[in-house]
Each structure stands twice: as structure tokens, then as C-alpha cells.
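Colleague: Following is a predicted model, sequence given first.
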Amino acid sequence: MSIKMTNSLNDNELASMLAKYANLIIRSGCNILPGQELYLSASTDSVMLARACTKAAYEAGAGHVTVNFSDESISRMHYDNCALEVFQTIAEWQALRSNSMARMGAAILSITSEDPLAMEGIDPAKPMASAKAAHVACKEFYDALDLGRNVWCIVAGASDAWASRVFPDLSASEATNRLWQAIFTATRVIADDPIAAWEAHRKAFDERKRWLNSLHFDSLRYTNSLGTNLEVGLNPTGIWNGGGDTTVDGREFFPNMPTEEIFTTPDFRRANGIVYSALPLIHNGNRIEDFWLRFKEGRVVECEAKCGEEMLRALLEVDDGSSRLGEVALVPFDSPIRNAGILFYNTLFDENASCHLAIGKGFPDCVSGGQEMDDSALRSAGVNESAIHVDFMIGNEDLCVTGILADGTEIAIFKNGNWA
């Protein structure tokens with residue numbers, strides 16, 4: 001599948017595609033159950049999609065939909081005008097809302113539509129403090145997602161501000177229409193039966209996951225012409241996942257739409273060498289670009305960025321785990337989103353156009369029995385703990401990834417950017 005632009009969608013066509021997209025999100029992404037609560041978070045820029053998802057959820061039998069709207073302009077005002085101390089705590093009612101949603105077994109749906117540079121120039125310590133405070137106050141909520149108790153799904157909605165970054169040569173309305181088309185294509189909404197297309201997509205990952213899981217690699221070595229030369233240790237009982245996820249009670253869902261990755265959680269204590277970014281990283285409305293990280297015994301010990309270095313260093317200093325790896329993900333250079341020739345400036349899409357790593361929290365379901373482990377057991381098993389999980393793209397056209405077995409045998413996984 002490749003992403004191809006078509007003529008502009010008229011209002012009726014856009015409404016029809018939004019309804020189709022929302023139905024896919026609710027029934028496949030969230031796999032909503034009759035009577036279940038849906039907790040939907042969205043920006044005010046995504047009102048149309050939020051309404052369509054609410055309608056689709058009730059049509060699917062949801063018991064109730066709780067919608068939490070935010071606004072980028074107001075968030076920017078908070079960061080510009082409030083002291084750092086304001087962001088170091090979370091209001092009790094906010095924590096109660098999130099934790100109670102998890103306790104109720106709600107499906108958690110997030111719509112991303114932010115302007116990639118909306119927060120450019122803010123004090124990076126403020127969003128980092130906010131993330132850390134939320135991780136502590138809403139532990140019940142995050143544990144429910146991380147340990148597979150609740151379904152969660154992240155999708156995208158086009159906004160004028162975001163679209164104008166992606167297509168700067170078009171008018172705002174033309175750019176937004178073009179971005180909607182790119183989203184619909186990347187998420188397979190253009191298929192006659194998107195739900196069936198996603199089930200086929202899920203199965204397409206099975207053969208490679210079985211192959212990777214059968215080999216039990218001890219480590220991966222990454223090299224390319226950018227200068228990357230990094231070896232990452234894997235967990236002895238590690239599991240490669242991709243193409244969707246499953247809760248502890250057996251419900252299948254899609255945490256990210258789109259998704260093109262196969263991933264696992266590395267041993268956070270075992271990363272050595274240097275890795276260079278291949279695409280810009282957009283985080284909290286800031287751009288981090290042309291950067292590298294040097295690891296020693298699992299931790300970033302040195303870094304540099306041509307753009308956004310202050311934000312990069314703030315990310316690495318959030319907590320003890322934010323300078324260690326929580327994910328390694330394999331995505332071929334010859335992938336649908338990469339082949340579209342669009343830089344989305346949104347990690348949900350750009351991470352599916354490139355092999356990537358993530359600093360911060362690891363995935364308990366990527367080690368055997370991890371969803372039943374407590375924090376101490378997960379750490380002993382090599383699963384990183386942090387208030388953040390930030391993906392950054394490292395795959396280019398000549399990336400080579402070599403799997404190394406415990407006896408030293410080397411097996412090519414990626415050669416020249418694609419599966420070997």
C-alpha cells in the first residue's frame with residue numbers, strides 16, 4: 001500500500017470518511033464492548049473527529065463517553081505565565097478522573113492533532129515536570145495501560161496548524177484537506193472494508209514476529225552511514241510484538257493507528273555506542289533535530305543536537321530512567337508512510353516510517369510474564385521505568401541491524417534499510 005494524494009474531498013466526502021474512520025477507531029482500535037465507558041482526550045482542533053468517535057462509540061453500544069478537551073493556545077499561556085512549581089503537582093480532581101477511568105475498565109482513546117511547534121521557546125523544565133507529576137499522581141491509570149488491563153488507542157486528526165507545517169506551500173484549508181487524505185490512507189480508511197484491512201494487517205506481522213521470537217537474540221547491533229554504531233542488549237525472556245496488542249483478558253486492540261513496527265523492550269542496563277537521528281523529533285511542541293546520543297552501560301552519557309538541544313537534555317533528565325532505552329522497533333525503509341514522501345512532524349506517523357528507539361519506560365508485555373510482575377520484578381527483568389516514553393527515528397536507507405546470539409553467532413536482520 002502506498003499513500004497517494006487525490007483531488008480535494010468536498011464536505012460530504014470528508015464527513016463520510018470521518019464516519020468511516022471513527023467506526024474503525026472505535027471497533028478495531030478500541031474494540032469497545034457493550035456498556036463500556038470510553039474516555040476520549042482531544043484538542044479543540046479535533047472537535048469533528050471527537051464527535052464522530054462519540055457517535056460511533058454509542059452506535060457500538062458504549063455505556064458512556066467522557067470527553068476531555070484541551071486547547072494548545074491555552075496550554076501555551078500556562079507555560080508562559082505559570083511558575084515551574086505549578087507543574088510539579090497534579091490537581092487531585094485530575095488524578096481522580098484518570099485513575100477512576102482506569103478502575104472502571106474504560107477504553108482510553110487519545111486524538112493527536114497538535115501544531116508541531118506550538119510550544120517552541122517554552123522552558124523545557126515545565127512540561128517535563130508536568131509529565132513526572134502525572135506519572136506519580138496517576139500511577140493507577142498508567143499501570144492499567146502498561147500492564148494490559150485497559151484498552152488504549154492513539155489516533156490523529158488533521159488541524160490547520162499541523163497541516164500548514166506539513167504542507168507549507170498550500171493554503172490552510174487545502175493543507176488540512178491534504179492531511180486528512182494522508183491520514184485516511186495511512187490508516188487504511190480508504191479500503192472498502194477498513195476493519196477487514198486492519199485484521200489482514202495484523203496477521204501480516206505474524207511470520208516475522210515468530211522468526212524473531214524463535215531466535216532469542218542476546219543483542220542487536222545498529223550501523224549506518226550517519227555514524228550510528230550501537231549495540232543494545234535484549235532481555236533473555238523478551239518478546240517481539242507488533243500489529244496490535246492484547247489485554248490480559250484476551251481482547252485484541254490497536255494501540256497506535258497507523259502502525260508498521262515490530263518492537264520489543266531491551267535490557268535498560270545494556271546499551272553501548274553512539275546513535276544518530278534520521279528524522280526530526282517533535283516533542284511537546286518543540287523540534288529536536290540532527291542529534292546524537294552516546295550510551296555507556298545503558299545510560300546516555302553524552303548528547304548533542306543542532307536544533308533543540310535544551311529540550312533534548314531536559315528529556316534525558318526527567319528521572320533516572322529517562323536516559324535509558326525502553327524500546328527498540330524495526331520498520332523497513334521501504335514502508336508505506338516513508339514511500340509517501342511526507343514528513344508528518346508527528347511521531348505517531350514518522351515512527352512508522354523508520355526504525356526507531358525510545359528513551360524512557362519499557363513495555364511489561366514485552367517480557368515473559370511481565371504483565372503479572374510488580375515494579376521491582378520488572379526492573380530486575382531489565383524493563384526500564386520512567387515517567388516518559390519518547391520515540392526517536394534512526395532508520396535510513398543504509399541502516400544495518402545485526403542480531404547476535406548468546407554464543408556470538410551473528411544473523412542479519414536489516415540490510416540497507418530493509419528486512420534482510
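Modeller: Cool, got the structure. Numbering: from 1, shown residues only.

Colleague: Would you check that my belief about G148 contacting T246 is correct?
Modeller: Yes: using C-beta atoms under 8 Å, G148 is in contact with T246, at 7.2 Å. (Each C-beta comes from the backbone N, C-alpha and C, glycine too.)

Colleague: Neighbour count: the two, which is higher?
Modeller: The neighbour comparison of G148 against T246 (other C-beta atoms under 10 Å) goes to G148, with 22 against 14.

Colleague: got a list of what the more buried one touches?
Modeller: G148 makes contact with 245-248, 364-365, 371 under the criterion C-beta atoms under 8 Å, 6 or more residues apart in numbering.

Colleague: change it to 7 Å
Modeller: Counting by C-beta atoms under 7 Å, 6 or more residues apart in numbering, G148 touches 247-248, 365, 371.

Colleague: Also L325?
Modeller: L325 sits next to 232, 266, 268, 271, 357-359, 384 when contact means C-beta under 7 Å, 6+ apart.

Colleague: if we go to 6 Å?
Modeller: 266, 268, 271, 357 (C-beta atoms under 6 Å, 6 or more residues apart in numbering).

Colleague: and it, what pLDDT?
Modeller: Predicted confidence (pLDDT) at L325: the value is 98.

Colleague: how much space between it and T176?
Modeller: As for L325, its distance to T176 is 36 Å (criterion: C-beta to C-beta, to the nearest Å).

Colleague: cool, and D45?
Modeller: 10 Å.

Colleague: which stretch of helix or strand covers A15?
Modeller: According to DSSP states H and E, A15 maps onto helix 11-24.

Colleague: which parts of that helix are buried?
Modeller: Within helix 11-24, the residues scored as buried using 16 or more other C-beta atoms under 10 Å are 14, 17-24.

Colleague: Quick one: end-to-end distance for stretch 356-369.
Modeller: Distance between the boundary residues of stretch 356-369 (C-alpha to C-alpha, to the nearest Å) amounts to 25 Å.

Colleague: Need the residues that contact that stretch.
Modeller: In contact with stretch 356-369 (C-beta under 6 Å, 6+ apart) are residues 146-148, 235, 237-239, 264-265, 322, 325-329, 370-371, 378, 381, 383-384, 386, 388-391, 393-394.

Colleague: how far is that stretch from where the chain is centred?
Modeller: 12 Å (C-alpha atoms, centre = their mean, to the nearest Å).

Colleague: Next: stretch 54-68.
Modeller: Centroid separation for stretch 54-68 versus its chain: 24 Å, with C-alpha atoms, centre = their mean.

Colleague: and it, how far apart are its ends?
Modeller: Terminal residues of stretch 54-68 lie 12 Å apart, using C-alpha to C-alpha.

Colleague: pLDDT of it, averaged?
Modeller: 98.

Colleague: All set now, cheers.
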